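[1] structure, please.
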Amino acid sequence: MRLADLLRLLLLAAIWGASFLFMRIVAPVLGSMPTAFFRASFGMLGLLTILLLMRVNWDFRGKLKHCLVLGVINAGLPSAMYCLAALVLPAGYSAILNATTPMMGVLIGMLFFAEALTLSKAFGVAIGLFGVGVLTRTGPVEFDLTLLLGAAACLVATTCYGFAGFLTRRWIGQQGGLDNRLTAFASLCGASLFLLPLFGGALILQPPASWGGAEVWLSLAGLGLVCTAFAYVLYFRLLSDIGPIKASTTTFLIPPFGVLWGALLLDEPLSWAYLYGGVLIAVALWLVVRPSAPSTVPIKA
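    Got it, this is the predicted structure:
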């Protein structure tokens, strides 16, 4: 791997790790659904601007509907779940739980897509689940129902990512595939449409007590424009340059950045559970991705 590719990989991990920080800042102020909607819509508008500047050929090859549905699964619902988790979980927790995505992909592939479950993958899934248990049971946040619900929301998000990887391969990758940049843009359109009624319902049922100040809206801009639009372009550049297997190693790098940003900028407490749980999940990821990797890697965070 070239030095430039390695630096881009680290930059992408740092950006996606920061997304959990931004959600932790915004969601308690605006609410989970407004945060998720603004993230998707800001990301959509930012990516639209980038694609117009890049003069992309707008040919969806009859796959626009599939891209919109994928946006619900791969962006809309996961974003809503992570924003719900951000109400109760430190950024580091969500970042580490996000790393269970490949393990969820293994389970979903076995249960729904007739994928073979190798001994290495099965062992990896078991270790990963144990790592999640270590994190939630011994971490700095009190172990209670609120913590379990927050962790469950993160795992729903990673389950969506697992499904999205297989559906992308089936719906988008066949018959010549589709420009990844168009897939990302249409996905964000689908996510925004999905989140719009949830956003409206949240405003009616429980409007924000405050719309926040500069910190909240700068965090939203960072979440939508940097962590979503710019990160997608950077990710697809990595896919093109180093391939999906090496690009998937971003998953290993996001948790340390998520924990770091939370500790440095939000004064979130550090705990040895972060290390123990994170290492167990990292070992599990290595066991899962070592034998093979899917041709299309779902987008994280």
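
[2] what's the first helix or strand after the helix or strand that contains Ala14?
    Using DSSP states H and E, Ala14 falls within helix 3-30. For helix 3-30, the succeeding helix or strand toward the C-terminus, using DSSP H and E, is helix 32-54.

[3] export the helix or strand following that next one as CSV, just CAs?
    Sequence order places helix 64-71 as the next helix or strand after helix 32-54, per DSSP H and E. Coordinates of each C-alpha in helix 64-71 appear next as CSV, following Å, rounded to 0.1, in the frame of the first residue of the first chain:
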residue,chain,number,x,y,z
LEU,A,64,-32.5,4.2,-9.2
LYS,A,65,-35.3,2.5,-7.3
HIS,A,66,-32.9,-0.1,-5.9
CYS,A,67,-30.5,2.6,-4.8
LEU,A,68,-33.3,4.5,-3.0
VAL,A,69,-34.3,1.3,-1.1
LEU,A,70,-30.6,0.6,-0.3
GLY,A,71,-30.4,4.1,1.1
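
[4] hmm, back to that, what does the average pLDDT come to for the helix holding Ala14?
    Helix 3-30 comes out with an average pLDDT of 93.

[5] hey, what's the angle from it to helix 32-54? Just curious.
    If you take axes from the mean of the first three to the mean of the last three Cα atoms, to 10 degrees, helix 3-30 sits at 140 degrees to helix 32-54.

[6] how far off centre is helix 3-30?
    Put simply, helix 3-30 sits 10 Å off its chain's centre (Cα atoms, centre = their mean, to the nearest Å).

[7] in that helix, what's buried?
    For helix 3-30, burial by neighbour count (16 or more other Cβ atoms under 10 Å) applies to 8-9, 12-30. In short, each C-beta sits where N, CA and C put it, glycine included.

[8] now swap in stretch 266-273 and tell me
    Of the residues in stretch 266-273, 268, 271, 273 count as buried by neighbour count, 16+ other Cβ under 10 Å.

[9] so how far is it from its chain's centroid?
    Centroid separation between stretch 266-273 and its chain, computed with Cα atoms, centre = their mean, is 21 Å.

[10] before we move on, what about stretch 261-269?
    20 Å.

[11] tell me which stretches of the stretch 151-300 of the chain form helices.
    180-205, 214-221, 231-247, 250-266, 272-289 (DSSP state H, counting those that start in this stretch).

[12] the second one versus helix 32-54: what angle between them?
    Between helix 214-221 and helix 32-54, the angle comes out at 60 degrees (the same axes, to 10 degrees).

[13] repeat for the first one
    Using the same axes, to 10 degrees, one finds that helix 180-205 and helix 32-54 are set 150 degrees apart in direction.

[14] and helix 180-205, what does it pack against?
    helix 32-54, helix 64-71, helix 77-85, helix 231-247 (3 or more Cβ pairs under 8 Å, 6 or more residues apart in numbering; DSSP states H and E).

[15] now what about the first one, what contacts it?
    Applying Cβ atoms under 8 Å, 6 or more residues apart in numbering, the set of residues contacting helix 32-54 from outside is 23, 26-27, 30, 75-76, 79-80, 82-84, 86-87, 181-182, 184-185, 188-189, 191-192, 195-196, 198-199, 201-203, 208, 220-221, 223-225, 227-230, 232-233.

[16] and the angle from that helix to helix 77-85?
    Angle, helix 32-54 to helix 77-85, by the same axes, to 10 degrees: 140 degrees.

[17] would you check how far apart Leu275 and Cys227 are?
    Distance, Leu275 to Cys227, by Cβ to Cβ, to the nearest Å: 25 Å.

[18] all set, thanks.
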